[in-house]
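Engineer: need a 3D model of the following:
(one chain, ligands or ions: 1)
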Amino acid sequence: MYAWTSDTSDWYGSSSYAFGEGGKEAREEAARRAAVAGPRAYAHRQAPNPAMIDPHKRLTSSSKNPLIVAVDVTGSMASWPFEIFDRLPLLYQTLSQYRDDLEICFAAIGDAGVDRWPLQVTGFAKGYDLEQQLNALFGEGGGGDAPESYGLFASWVEHHVETPEASRPFLIVFGDAPMHETIPSEQIERLMGDNPTGLGQRIKAAVGAGGLDALSTWRRVAERWDTWFLRRPTGRPGDEVDRQWAKAVGEQRIFHIDDEQRAVDYAMGLVARTWGHMGDFEANMRARQDESKVKSVATRIRSDGPRVLACPSCGARIPAEAFGRYTCTFCSSTLEL
Ligand SMILES: [Zn+2]
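Structural biologist: This is a model prediction of the structure:
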């Protein structure tokens, strides 16, 4: 299991890696608190912590770089909160050195038709506080092959999350299933405390028979959030799951995971490349895994990741063919793509 210390000498790879200056104070603070708390332990709950995961709550992040990581926890994906917990220090420490105001909110998505806790959402947190947040989630493991309640989660993001300082924050969904195309009014009221008619007026959409439309809810969310559906290796490319998600978030926003052990690396890589730190991220991976894995993950991120990149400093468009070290022609920032 990864630790909160900045010591990377026990990483498996052959080359070494040191975290940069960015986010150093937050890393040191997390390491101090982790040392007091003792070895990292995943909660292995039988139920979520209800006070911490209630989707009735409303969140505001004043960070310029909030990040939501949502996981489908139905069926065999019930163990994914643990998999992310295992890599949590790596995830936070790696990305916070690039943008030190990073804040992360976690969500667990189930099926509101059959699950007891079909939508679980934490607050935004950073550093060591993320342990408690992620540990509040419970991978219920219900649902199954049937469509899941991804639309309910999208409606929560749309109406319960404010990010006034962020221009287009990241929203990453790990999943493997299609979604129910209608978000039932009854669930909107019962699970989130929202009035469906009021929501319909707010988004200038008719509340159809029984509820809101899930795909158009996702389309609005994907305009505001840099949204990625990271699909677990199931089914075939272009199948029903892909086609529905393409209508929801765009075909180019579906990223097929071919190696589940690298799932968190793909997510970090999408963010690192968009922020212009791909070179450092490759060095980070190289200290943890062999060169062929590093090459395959980096190649996939470059080929299937963000198509249009903008300079993180000035917003200028970066040519699609730019690769490796690149100097922005407008503001002279150096990026690693
Ligand atoms: Zn620039």
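Engineer: which bits of this protein sit near the ion?
Structural biologist: Residues of the chain lying close to the ion (Cβ under 5 Å from the ion) are 311, 313-314, 316, 328, 330-331, 333. Just so you know, the C-beta spots here come from the backbone N, C-alpha and C atoms, and that holds for glycine as well.
Engineer: how about a markdown table for those residues, with distance to residue 304 added?
Structural biologist: Shown next, in a markdown table, are these (distance: Cβ to Cβ, whole Å):
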| residue | distance to residue 304 |
| --- | --- |
| 311 | 22 |
| 313 | 25 |
| 314 | 26 |
| 316 | 23 |
| 328 | 24 |
| 330 | 27 |
| 331 | 28 |
| 333 | 25 |
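Engineer: so which one among these has the lowest pLDDT?
Structural biologist: Across these, the smallest pLDDT goes to residue 313, namely 92.
Engineer: check the stretch 151-300 of the chain for the residue nearest the ion and tell me.
Structural biologist: residue 276 (9.3 Å; Cβ to the ion).
Engineer: tell me how many other residues surround that residue.
Structural biologist: Taking other Cβ atoms under 10 Å as the neighbour definition, residue 276 ends up with a count of 23.
Engineer: okay, and the closest residue to it other than its chain neighbours sits in which element?
Structural biologist: Closest residue to residue 276 apart from its sequence neighbours, by Cβ to Cβ, 6 or more residues apart in numbering: residue 335 at 3.3 Å. In the assignment (DSSP states H and E), residue 335 maps to strand 334-336.
Engineer: for ChimeraX, what selects the buried ones among the residues of the chain next to the ion?
Structural biologist: If you want just the buried ones from the residues of the chain next to the ion in ChimeraX, going by 16 or more other Cβ atoms under 10 Å, the selection is:
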select :311,328
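Engineer: circling back to that earlier point, pretty sure the residue nearest to residue 276 contacts residue 310?
Structural biologist: No - at 10.3 Å, residue 335 and residue 310 do not qualify as touching, with contact defined as Cβ atoms under 8 Å.
Engineer: residues that sit against both of the two, list them.
Structural biologist: residue 318 (Cβ atoms under 8 Å, 6 or more residues apart in numbering).
Engineer: now for the residue of the chain most remote from its centre: which residues touch it?
Structural biologist: In the chain, counting by Cα atoms, centre = their mean, residue 209 sits farthest out from the average C-alpha position, at 31.5 Å. Listed by Cβ under 8 Å, 6+ apart, residue 209 has no contact partners.
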